[in-house]
Every structure is written in C-alpha cells, then in structure tokens.
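Peer 1: Give me coordinates for this.
(one chain, ligands or ions: 2)
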Amino acid sequence: MTMASRACGFDFGTSNSAIGHAAGSDPKLIPLQDGRVSIPTAVFFSFEDASVTFGREAVSRYLQRENGRLMRSLKSVLGSSLIQELTQVGSNRLRFDQIIALFLSYVRDAADGPSSVVMGRPVHFVDGDEQADKNAEDQLRHAAQLAGFDHIEFQFEPIAAALDYERHVRAEELAFVVDIGGGTSDFSIVRVSPERRGKPNRKSDILAYSGVHIGGTDFDRRLELNAVLPDLGLGAKLRHKDMETPSWWYQDLATWQRINFLYDPKVFTDIRQVRRDMLEPEKLDRLLEVLENRKGHALLTAVEDVKIQLSTTNKVTMDLQDLAGIDPIDVTRKQFERAVADQIGQIDATIKTTLDQSHLTRGRYRLRVSHRRLIAHPAAAHDVAQDLRQGPHHRGRCVRLRRHGSRA
Ligand SMILES: Nc1ncnc2c1ncn2[C@@H]1O[C@H](COP(=O)(O)OP(=O)(O)OP(=O)(O)O)[C@@H](O)[C@H]1O
Ligand SMILES: [Mg+2]
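Peer 2: Ligands and ions are numbered 1, 2, ... in the order given. Next comes the predicted model:
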C-alpha cells in the first residue's frame with residue numbers, strides 16, 4: 001500500500017496539530033518539524049520574501065521580527081462569521097478557510113499526501129448553536145478538500161483520545177478523558193478493554209461525552225485583559241466626556257485570531273485621536289508601540305508563558321519593557337484564578353454534565369479524583385493519569401474510574 005492511499009488521522013488543534021497513520025495495527029505519529037510530531041497551528045506570511053511558512057518556523061520568523069503576518073488559533077474561526085472574511089497577506093487577500101487549507105495541506109504533505117483522513121473535532125465547535133456547529137464542521141471539511149483530501153470523516157476528539165488510551169490497558173476499565181486544549185475542553189467516559197479494542201461499533205461503550213468552547217487561549221485572553229492591558233489604556237477615562245477608551249481594541253488584542261485586524265492605519269489614526277482626550281496619554285503611546293511594531297502576538301505569547309508558569313508557581317514577574325515599554329508586573333496565581341473563575345465554573349459544569357449523562361456518579365462507580373480537584377490542581381490527576389500524547393503542549397489526561405471499594 002502506498003502512503004498516499006493510506007488513511008490518516010489528523011488532530012487539527014487550536015494551538016497545536018499532529019498527523020498519524022496506521023502502521024500495521026499501531027498508529028504512528030509522523031514527525032513534522034525537527035523530528036517533532038506536533039507543531040504549533042501557525043502560519044506566517046512573509047512580506048519580505050513572499051514565502052508562507054508553518055508551525056515552529058512560522059512562529060520563529062515572527063518572533064525574529066521579520067516583516068509579515070502571523071496567523072494563530074485558526075480553528076477558533078470555524079463556525080464564526082470571520083471564516084468568510086478576507087485577510088490581506090502581502091499582495092494577496094485570502095479567506096480564513098483558504099488559510100486553514102494551506103496549513104492542512106502542509107501537514108498532509110509531511111505525511112506523503114494521504115487521500116483519506118479522519119479529522120478530530122471538538123464535541124462543540126460552537127456552544128449552544130447547532131447550525132453554527134454544523135457550519136463549522138462543513139467549513140473544516142471544505143478546507144480539508146481544498147488541502148487535497150478526498151475522503152473525510154470526523155471523530156469526536158475525546159472519543160479518539162479514549163480509543164488511544166485503550167491501546168495501553170490490560171483489563172477492562174472505565175476511562176474518564178479530560179482534554180483541556182487551546183480552544184475547547186472536551187470530556188468522555190468510555191468503557192475500554194483489550195477485548196473491545198478494534199471492534200467496529202463502540203456505541204454501547206461510549207457512556208458519555210460533552211464539551212465546551214473554553215480552553216487555554218481563553219485563559220490567555222482573560223489574563224492579558226486583567227493584568228497587562230489596563231497599562232495600555234483599557235478602561236482608562238477620557239478627559240472631557242464620561243467615556244472610556246474603546247474596549248474592542250483590547251478584546252481584539254487579547255484574541256489570537258483577531259490581533260491582525262488592529263494592524264490597520266485606520267485604527268492607528270483612531271487611537272491617536274482618542275489619545276488627545278486622555279488623562280494618561282502615555283498608556284495609548286504604549287498601545288501604539290505594540291500595534292505599530294506588530295507585537296500583539298509576542299505580547300500574548302508572553303502572557304501565555306506566564307499562565308503556564310503559574311501552573312507550578314504562585315507568582316511570576318513579567319518583564320514587558322521591550323514589548324510594551326511597561327515596568328515589570330507581578331502576576332499572582334490568585335489573580336489568574338480570579339480572572340478565569342467563571343470559565344473554570346463552565347468547565348466544571350461540563351464535567352458534571354458528562355458524569356450525569358453516564359449515570360455513574362450515583363451508581364457503582366466514582367471518580368478517583370474529584371472533578372473539582374482535577375480542575376483546581378492538574379498535578380492531582382497525575383497519579384492516575386497519563387499524557388495521551390507525548391510532548392510538553394499536550395494537556396490530554398485520562399483518568400481511570402474505579403468501582404466503589406475496589407483498589408484498582
Ligand atoms: N503547563 C501548562 N499549564 C497550563 N496550560 C498549559 C500548559 N502547557 C500548555 N498549556 C496550554 O495548553 C493549550 C494547548 O493545548 P493543546 O495542544 O492540547 O491544545 P489543542 O489541541 O491545540 O487545542 P484544541 O484541542 O482545544 O483545539 C495552550 O493554551 C497552552 O497555553
Ligand atoms: Mg486538542
């Protein structure tokens with residue numbers, strides 16, 4: 001069988017992506033860049049040499065301050081009105097689905113151009129709107145077709161994760177899959193066992209699955225809005241009227257897929273105009289410095305870094321002198337937790353929905369780690385959890401459920 005005629009599995013993630021194919025009975029992830037099997041979901045359009053680069057190379061070119069446009073969090077655009085919008089990339093104007101297709105095509109090529117694909121999809125691309133959710137899947141299918149795939153199937157990401165986990169179990173167990181990604185948090189409860197592995201129909205083993213459109217990029221946004229952007233004028237009062245600076249500037253600056261909309265001379269003119277009316281104009285000078293030098297992604301990357309550090313430490317000092325001309329800022333874990341409290345509440349509610357759907361909570365099984373502790377202290381899950389994919393970015397966790405009284 002040639003590589004091209006083989007089916008592959010594609011994890012197109014909000015933050016990171018991977019592709020694998022079935023090598024014999026075992027799936028194998030394909031090295032994409034520098035021998036790594038996962039790359040940032042990122043595309044960079046250089047204005048200097050008109051090249052298009054992907055993944056790690058895209059991010060590094062941007063961070064080396066090459067003149068161009070970085071696109072991240074492309075998956076979050078699916079199901080939203082942005083998908084049809086044109087973005088200026090050098091001399092071209094491209095729609096977001098065309099940009100997604102370029103990325104999918106790059107990864108497909110690295111796997112030697114398979115024609116059939118099973119694409120992972122979150123349980124909900126869009127919350128509470130079935131039509132928008134269906135549109136999102138159709139848009140991803142369309143992008144996959146543009147990228148050269150002929151036969152496209154979808155699998156829910158938390159079910160795919162459970163099936164992957166099943167490859168390693170020695171006896172029947174109930175797996176509670178927790179996949180908190182960049183854009184969505186997805187959960188499933190699946191009966192897994194060596195005997196069930198490979199059976200074509202697993203419907204009766206899937207006890208529950210649920211998801212919510214909240215993930216790490218939402219935490220980045222909240223942290224930036226809370227800890228950094230007030231110093232760039234968010235919420236600042238204007239001199240004469242009882243007015244504040246427009247909040248959409250800051251909402252866009254803290255949203256990966258919208259940052260580029262601010263790199264627009266019209267926006268710069270508006271900011272200069274509002275600046276004249278400010279009690280503290282230096283705040284908008286900093287905002288202009290970030291936008292005119294296209295440092296929005298770098299700023300959000302710095303904030304993401306702080307968020308990650310706060311998983312293991314209680315306080316981080318952010319040095320923003322180079323990025324935004326701000327004195328160092330102390331960010332505490334408490335401050336972060338307060339900024340994302342309602343989002344954590346929604347993730348918690350989704351975990352509860354999943355458990356309720358499975359009818360396990362009141363029945364014979366209970367979670368070894370309570371879902372509250374799981375969310376509050378990711379480390380608490382470690383003794384019963386394993387990373388579903390290798391690598392520093394992957395937050396997928398599988399937690400075994402056990403029968404009351406058993407010591408499994
Ligand atoms: N140690 C950490 N603590 C907190 N967050 C982390 C840590 N390491 C990575 N992250 C966050 O995890 C997210 C990326 O996770 P992952 O690669 O699983 O997402 P994804 O698969 O691309 O997204 P999705 O499945 O939602 O489409 C990013 O928001 C990143 O900041
Ligand atoms: Mg994911």
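Peer 1: Can you get me a residue count around the closest residue to ligand 2 within the chain?
Peer 2: Closest residue of the chain to ligand 2, CB to the ion: Gly181 (3.5 Å). For every residue, glycine as well, the C-beta is placed using N, CA and C. Residues near Gly181, counting by other CB atoms under 10 Å, number 25.
Peer 1: Hmm, Leu94 is touching Leu86, no?
Peer 2: Yes: in this structure, Leu94 is within contact of Leu86 by CB atoms under 8 Å, at 6.7 Å.
Peer 1: These two: which is more packed in?
Peer 2: Neighbour count, other CB under 10 Å: between Leu94 and Leu86, Leu94 has more, with 20 against 11.
Peer 1: ok, now which ones touch that one?
Peer 2: Shown in contact with Leu94 (CB atoms under 8 Å, 6 or more residues apart in numbering): 86-87.
Peer 1: Which of the three states applies to it?
Peer 2: strand (DSSP: H, G, I helix; E, B strand; the rest coil).
Peer 1: for it, which residues make a bridge with it?
Peer 2: Listed by DSSP bridges, the beta-bridge partners for Leu94 are Thr87.
Peer 1: What residues does the protein have near ligand 2?
Peer 2: 13, 181 (CB under 5 Å from the ion).
Peer 1: Any regions of the chain where pLDDT drops low?
Peer 2: 1-5, 361-408 (pLDDT under 70).
Peer 1: Let me know the outermost residue of it.
Peer 2: His240 (41.1 Å; CA atoms, centre = their mean).
Peer 1: Compute the number of surrounding residues for the residue nearest to it when sequence neighbours are not counted.
Peer 2: Nearest residue to His240, sequence neighbours excluded (CB to CB, 6 or more residues apart in numbering): Asp277, at 6.3 Å. Using other CB under 10 Å as the criterion, Asp277 is surrounded by 15 other residues.
Peer 1: which residues touch Asp277?
Peer 2: Counting by CB under 8 Å, 6+ apart, Asp277 makes contact with 238-241.
Peer 1: what two of those are the furthest from one another?
Peer 2: Arg239 and Lys241 (8.0 Å; CB to CB).
Peer 1: Tell me which of the two has more neighbours.
Peer 2: With neighbours defined as other CB under 10 Å, Arg239 and Lys241 compare such that Arg239 has more, 11 against 8.
Peer 1: in the stretch 151-300 of the chain, which spans are helices?
Peer 2: Assigned by DSSP state H, counting those that start in this stretch, the stretch 151-300 of the chain shows helices spanning 157-166, 216-223, 247-253, 265-275, 281-292, 296-309.
Peer 1: could you dump those to a markdown table with distance to ligand 1 and mean neighbour count?
Peer 2: Formatted as a markdown table, the helices of the stretch 151-300 of the chain follow (distance: least, CB to the nearest ligand atom, whole Å; neighbours: other CB atoms under 10 Å):
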| stretch | distance to ligand 1 | mean neighbour count |
| --- | --- | --- |
| helix 157-166 | 6 | 24 |
| helix 216-223 | 2 | 22 |
| helix 247-253 | 17 | 18 |
| helix 265-275 | 26 | 14 |
| helix 281-292 | 20 | 18 |
| helix 296-309 | 4 | 20 |
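Peer 1: The ones you listed: which one's closest to Pro31?
Peer 2: helix 157-166 (18.1 Å).
Peer 1: what comes into contact with that closest one?
Peer 2: For helix 157-166, contacts defined as CB under 8 Å, 6+ apart pick out 9, 11, 27, 118, 120-123, 175, 177, 179, 181, 184, 186-188, 190, 192-194, 196-197, 202, 206, 209, 211, 386, 388-389, 396, 398.
Peer 1: Distance check, the closest residue in space to Leu78 that isn't next to it in sequence against ligand 1.
Peer 2: Leaving aside its sequence neighbours, Leu78 sits nearest to Ala136 (CB to CB, 6+ apart; 3.9 Å). Plainly put, Ala136 is 12 Å away from ligand 1 if you go by CB to the nearest ligand atom, to the nearest Å.
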